[in-house]
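Undergrad: can you look at this prediction? I've put the sequence above it.
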Amino acid sequence: MSEHIENDDSEASDGGHSVLEAERSKRYAKIDEMRSAGLEPYPYRFDRSHTLSDLRAAFGDLEAGTETEQQVSVAGRAMLIREQGKLIFATLKDRDGEIQLFVSKAIVGDEAFAEFGALDLGDWVGAEGTVMTTRKGELSVKVERFVLLSKAVRPMPDKWKGLTDVDTRFRQRYADLIVNDEARRTFRVRHEMISSFRRTLAEMSFIEVETPVLHVEAGGAHARPFITHHNALDMQMYLRIALELHLKRLIVGGMERVYEIGRVFRNEGLSPRHNPEFTMMELYQAYGDYSEVMNITEELIRRAATDCLGTTVVDINGTECDLTDPWPRHRMIDLVARATGVDIHPSMPLVKLAALAEEHGSKPEPHWNAGKLIDELFAATVEQSLVRPTFVTGHPVDISPLARRDRNDPYLTERFELFVGGRELANGYSELNDPREQRMRFEEEQSAKESGNLEAGTVDEDYLRALEYGMPPTGGLGIGMDRLAMLLSGVHSIREVILFPTLRLEQF
RNA sequence: GGGCCGCUGGCGCAAUGGCAGCGCAUCGGACUUUUAAUCCGCGGGUUCUGGGUUCGAGUCCCAGGCGGCCCA
């Protein structure tokens, strides 16, 4: 009605967004008109009889041209509106379904028909009527009454092409989820994966626990932490970089089988595979060692694949893999030896390892120890080739400060990492439970930190005290849940499996 | 941190250095079985920001911002 009043200066000086502003003010005006007509544009609730997929399940096999007496009420967002003279067809979308509304002027009357015509794409709508199919067989609700449930004031992205700009997709995930079914599906897979883990672990008698996010020591992994401050205690604290040390305290306490699915924080760069906050699942099992934990890892992931995808056959970077095939287990030093043609062992002279690492493209730093050099060699020569699920075992002691020594080789640990698609997916070991040896390992970490390694750890005195009370033989596991979600949903950026990934500050 | 690429109406995309255009959406009109409805018509831009070169810059140059990919 009053669209042409806006050629005054206030709109022009608003700066650059006049199209959007015009659309928004038009829709706000509709809200105001409703209110002055005594209608509520934002009602408090709506009772629906069926979700849209319920409706399709119940009536999906009706023949074309069927009219039923079945009264239903449905709700969703108007995604498409097609006006056709004295008929309007609208596609309503809810969490996991779509349905067509069939609105006839003859049925709803002139006034309601005009109101329906005034709906905008993106509006939330509730509708009551009977179930029918059109001549072409489209399942529809023949609308008798409808109500605006909430007004969309901002226009939807392109109804066909959706939203493709990744920056906008991640910053405005709400808009992404409205129009991109793939995004919805990915987070559905993520949910199924996590609930599958919880079911499997419950069957295995694990107890889910929650341990602190605010830590006094940032231990359990090699990573730089986020630092924060507690005002009342006037104390520096760290956001956790791992779940490990608190969960093992619970093993000391006799809880025997515990796990936690929780957010950890690492103050590092962003990449398609790294987000500063991500989700780990860690579990600890008394009386077990690393080989048993590898079995648990296989079971968890196979069942998650079945629960998410209905199959254990997954595509990994173009290679079709059946996760029920046995997952090979190889020592890291054997894989590196095979790849380089040189026998490898942490007892070798450092200079030989450094030379070899340099030969394979690393730039060894003076403080690198034998374990670090072997790890670099592994990354350079082996890692990428491990497409099918493969357990890499026997990591050197000096890069595994919380893992127990290999019972057959004191230079190595009873540790494993699971690689899938050339990426580390899980990490576990027979847990080190000798408090004196743990103290020595911590002290080595501490001195590495003091000589400039920002990722090295510190001596966690409380953890050592816990170990002195006695920790039973224990196997532990950590799984990167985001990376597993990537694998199961077939996406290649961690940002596709994190609803609100970390981004640089947006300028408004 | 380095290299390459991108940024144009709300969204998706065009434009040998020479009038900034198309599709969707919006707005007006027609249409009682459409379904990316169709048909007719009208609007809407500080081309990411700031400098520079040029008669003339979305385009070329410099700096910055945000993003993507690769590398470290």
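TA: Alright, I've got the coordinates.
Undergrad: lowest-pLDDT helix or strand in chain A?
TA: helix A:9-12 (a mean of 32; mean pLDDT, DSSP states H and E).
Undergrad: how about the helix or strand following that one as CSV, C-alpha atoms only?
TA: Toward the C-terminal end, the helix or strand that comes next after helix A:9-12 (DSSP states H and E) is helix A:18-36. Taking Å, rounded to 0.1, in the frame of the first residue of the first chain, the C-alpha atoms of helix A:18-36 are listed here in CSV:
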residue,chain,number,x,y,z
SER,A,18,18.1,-0.5,0.0
VAL,A,19,16.8,-3.6,-1.7
LEU,A,20,17.0,-5.7,1.4
GLU,A,21,15.8,-2.8,3.6
ALA,A,22,12.8,-2.3,1.4
GLU,A,23,11.9,-6.0,1.5
ARG,A,24,12.2,-6.1,5.3
SER,A,25,10.2,-2.9,5.9
LYS,A,26,7.5,-4.3,3.6
ARG,A,27,7.3,-7.5,5.7
TYR,A,28,7.4,-5.6,9.0
ALA,A,29,4.5,-3.6,7.6
LYS,A,30,2.5,-6.8,7.1
ILE,A,31,3.1,-7.7,10.7
ASP,A,32,1.9,-4.3,11.8
GLU,A,33,-1.2,-4.7,9.6
MET,A,34,-2.0,-8.1,11.2
ARG,A,35,-1.7,-6.6,14.7
SER,A,36,-3.9,-3.7,13.9
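Undergrad: just the C-alpha atoms of the very next helix or strand once past helix A:18-36, please, in PDB.
TA: Under the assignment DSSP H and E, the closest C-terminal helix or strand after helix A:18-36 is helix A:52-59. The C-alpha atoms that make up helix A:52-59 are tabulated as PDB, following Å, rounded to 0.1, in the frame of the first residue of the first chain:
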ATOM      1  CA  LEU A  52       5.200 -34.200   7.500                       C
ATOM      2  CA  SER A  53       7.000 -37.500   7.200                       C
ATOM      3  CA  ASP A  54       4.400 -39.100   9.500                       C
ATOM      4  CA  LEU A  55       1.800 -37.800   7.100                       C
ATOM      5  CA  ARG A  56       3.600 -39.200   4.100                       C
ATOM      6  CA  ALA A  57       4.100 -42.500   5.900                       C
ATOM      7  CA  ALA A  58       0.400 -42.700   6.700                       C
ATOM      8  CA  PHE A  59      -1.000 -41.600   3.300                       C
END
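Undergrad: tell me if the helix or strand following helix A:52-59 is near RNA strand B.
TA: Sequence order places strand A:67-84 as the next helix or strand after helix A:52-59, per DSSP H and E. Yes: judged by Cβ under 7 Å from any atom of the strand, strand A:67-84 comes into contact with RNA strand B at A:80, A:81, A:82, A:83, A:84. For every residue, glycine as well, the C-beta is placed using N, CA and C.
Undergrad: grab the nearest non-local neighbour of residue A:66.
TA: Excluding its sequence neighbours, the residue lying closest to residue A:66 (Cβ to Cβ, 6 or more residues apart in numbering) is residue A:133, at 4.8 Å.
Undergrad: the one you found is in contact with residue A:63, isn't it?
TA: Yes: assessed by Cβ atoms under 8 Å, residue A:133 is found in contact with residue A:63 at 6.8 Å.
Undergrad: how about the secondary structure of residue A:501?
TA: What DSSP: H, G, I helix; E, B strand; the rest coil gives for residue A:501 is coil.
Undergrad: ramachandran angles for the closest residue to it other than its chain neighbours?
TA: Nearest residue to residue A:501 in three dimensions, chain neighbours excluded: residue A:495, at 4.0 Å (Cβ to Cβ, 6+ apart). Dihedral pair for residue A:495: phi -70, psi -20, per degrees, to the nearest 10.
Undergrad: residue A:386 now?
TA: phi -90, psi 80.
Undergrad: at the contact with RNA strand B, which residues of the stretch 1-150 of chain A appear?
TA: Counting by Cβ under 7 Å from any atom of the strand, the residues of the stretch 1-150 of chain A near RNA strand B are A:3, A:15-20, A:22-23, A:26, A:80-87, A:89, A:91, A:100, A:102, A:104-106, A:120-121, A:134-138, A:140.
Undergrad: isn't the residue nearest to residue A:501 up against residue A:170?
TA: Yes: counting by Cβ under 8 Å, residue A:495 touches residue A:170, with 5.6 Å between them.
Undergrad: got any residues that touch both of these two?
TA: residue A:501 (Cβ atoms under 8 Å, 6 or more residues apart in numbering).
Undergrad: more neighbours, those two?
TA: Higher neighbour count among residue A:495 and residue A:170: residue A:495, with 23 against 19, using other Cβ atoms under 10 Å.
Undergrad: can you list the domains in chain A?
TA: A:3-36, A:52-150, A:181-328+A:388-496 (automatic domain parsing).
Undergrad: low-confidence stretches in the stretch 351-500 of chain A?
TA: Nowhere does the stretch 351-500 of chain A drop to pLDDT under 70.
Undergrad: get me the contact residues on it for RNA strand B.
TA: Counting by Cβ under 7 Å from any atom of the strand, the residues of the stretch 351-500 of chain A near RNA strand B are A:361, A:363, A:492, A:493, A:495.
Undergrad: so which of the residues of strand A:67-84 next to RNA strand B wins on neighbours?
TA: Of all these, the highest neighbour tally under other Cβ under 10 Å goes to residue A:81, namely 19 neighbours.
Undergrad: can you tell me what sits against stretch A:96-115?
TA: A:51-56, A:74, A:76, A:79, A:86-92, A:116, A:125, A:127, A:129, A:132, A:134, A:138-146, A:184.
Undergrad: which of the residues you listed fall in helices?
TA: A:52, A:53, A:54, A:55, A:56, A:116, A:184 (DSSP state H).
Undergrad: buried ones among the residues you listed?
TA: Using 16 or more other Cβ atoms under 10 Å as the burial test, these include A:52, A:54, A:55, A:56, A:116 as buried.
Undergrad: the fourth one contacts residue A:139, doesn't it?
TA: Yes: if you go by Cβ under 8 Å, residue A:56 and residue A:139 touch, sitting 6.3 Å apart.
Undergrad: quick check: the residue of the stretch 251-400 of chain A nearest RNA strand B.
TA: In the stretch 251-400 of chain A, the residue that lies nearest RNA strand B is residue A:272 (3.9 Å; Cβ to the nearest atom of the strand).
Undergrad: ok, and the closest non-adjacent residue to that residue?
TA: residue A:493 is the one closest to residue A:272 (Cβ to Cβ, 6+ apart), at 4.4 Å.
Undergrad: show me what contacts the one you found?
TA: Taking Cβ under 8 Å, 6+ apart as the test, what residue A:493 contacts is A:272, A:273, A:486.
Undergrad: drop anything exposed from the residues you listed.
TA: Those of the contacts of residue A:493 that meet the buried threshold are A:273, A:486, by 16+ other Cβ under 10 Å.
Undergrad: ok, the residue of chain A at minimum distance from RNA strand B to residue A:45 distance?
TA: Closest approach between chain A and RNA strand B, counting by Cβ to the nearest atom of the strand: residue A:85, at 2.0 Å. Computed as Cβ to Cβ, to the nearest Å, the residue A:85 to residue A:45 distance reads 34 Å.
Undergrad: for residue A:451, same thing?
TA: Distance check for residue A:451 against residue A:45: by Cβ to Cβ, it reads 63 Å.
Undergrad: neighbour count winner among those two?
TA: residue A:451 (10 against 6).
Undergrad: residue contacts, that one?
TA: residue A:367.
Undergrad: for it, grab phi and psi.
TA: Dihedral pair for residue A:451: phi -90, psi 20, per degrees, to the nearest 10.
Undergrad: what does the pLDDT read for residue A:8?
TA: If you check residue A:8, the pLDDT there is 29.
Undergrad: residue contacts, residue A:79?
TA: Residues in contact with residue A:79 (Cβ under 8 Å, 6+ apart) are A:91, A:92, A:93, A:98, A:121, A:122, A:156, A:159.
Undergrad: in the sheet, which residues pair with residue A:215? Tell me.
TA: residue A:238 (DSSP bridges).
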